[in-house]
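Dropping a prediction and its sequence here:
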Amino acid sequence: MSNASINFNLTDWLGDWESFEHYIDAEDETVRNTWNEAERAVLANPQMATMAANGIRKFWAMACSTTSPENIIHIGYWTIGEPENTDADVRITWYAEDNTNLDAYDYRIDHVIEHGLEGSPTYVFVTDDPHAEDSPFRWLIAIAPLPSRTAFAEGGLLSHLHFQYANDLHTLVEADGSGTEVLRNPRWYATMCADEGTAEDRCRIIRALHHLD
């Protein structure tokens, strides 16, 4: 395992994940009512009102889109498991909305960006699988799941993480004037949430996102 992997806790990543886009597009009445509550709160805050100018769900749909210039298929789900290769840190299977298996790769942690998504330490994953040479999922950057995946079982919020992906790392990051790596698109917050719980648990995520609790 590389030095960058020392603080990597695979346990927090293991399991099934679903796109936050499902929350945005949900038809469940409880979830929709929570979005309406969030929109009213945002519109009432002069510092945040522009977020909801065209509807708060439209804002998050843009920010959290799972498509990319290299991949027009929405990512519906991930399954994260133990890697098959001893040199890798994690295995991720990418699924479309209809559960079509798009790709499955072992990823190793190449390095960590000190201030990446949300200004937090961000893992830079890459797959060495030769079949991924032209894949849009060859490089993946992601923050560690928050809160810990085990927190939900103890009454906490569902775990979630933000990520970006591309065939080439330079599509995602660039060096600033001091040589420090920064995100090329800091407003892209593709998001996965632990695929468990109820509609009310999803509402708790939406409320927390808008500081409603």
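Yes, it's here. Numbering: from 1, shown residues only.

so where do the strands sit in the chain?
Ranges of strands in the chain, per DSSP state E, are 15-19, 75-81, 90-96, 101-113, 122-126, 139-142, 160-166, 173-175, 181-183, 190-194.

now those as JSON lines including mean neighbour count?
For the C-beta atoms, the positions are set from N, CA and C on the backbone; glycine is no exception. Below are these laid out as JSON lines (neighbours: other C-beta atoms under 10 Å):
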{"stretch": "strand 15-19", "mean neighbour count": "20"}
{"stretch": "strand 75-81", "mean neighbour count": "19"}
{"stretch": "strand 90-96", "mean neighbour count": "20"}
{"stretch": "strand 101-113", "mean neighbour count": "19"}
{"stretch": "strand 122-126", "mean neighbour count": "23"}
{"stretch": "strand 139-142", "mean neighbour count": "23"}
{"stretch": "strand 160-166", "mean neighbour count": "22"}
{"stretch": "strand 173-175", "mean neighbour count": "14"}
{"stretch": "strand 181-183", "mean neighbour count": "17"}
{"stretch": "strand 190-194", "mean neighbour count": "23"}
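
what about the closest residue to Val182 other than its chain neighbours, neighbour count?
Among residues not flanking Val182 along the chain, Asp176 sits closest, at 4.9 Å (C-beta to C-beta, 6 or more residues apart in numbering). Using other C-beta atoms under 10 Å, Asp176 has 9 other residues around it.

how close does the closest residue in space to Arg184 that isn't next to it in sequence sit to Asn185?
Among residues not flanking Arg184 along the chain, Glu174 sits closest, at 5.4 Å (C-beta to C-beta, 6+ apart). Per C-beta to C-beta, to the nearest Å, Glu174 is found 10 Å from Asn185.

For the protein, which residues score under the pLDDT cut-off?
Within the chain, the stretches with pLDDT under 70 are 1-6.

again, 80 this time
Confidence mapping of the chain against pLDDT under 80 gives the ranges 1-6, 177, 179, 213.

what ranges do the helices span in it?
Along the chain, counting by DSSP state H, helices occupy 21-25, 29-43, 56-63, 199-209.

possible to save the ones you listed as TSV with mean neighbour count?
Converted to TSV, the helices of the chain look like this (neighbours: other C-beta under 10 Å):
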stretch	mean neighbour count
helix 21-25	19
helix 29-43	16
helix 56-63	18
helix 199-209	17
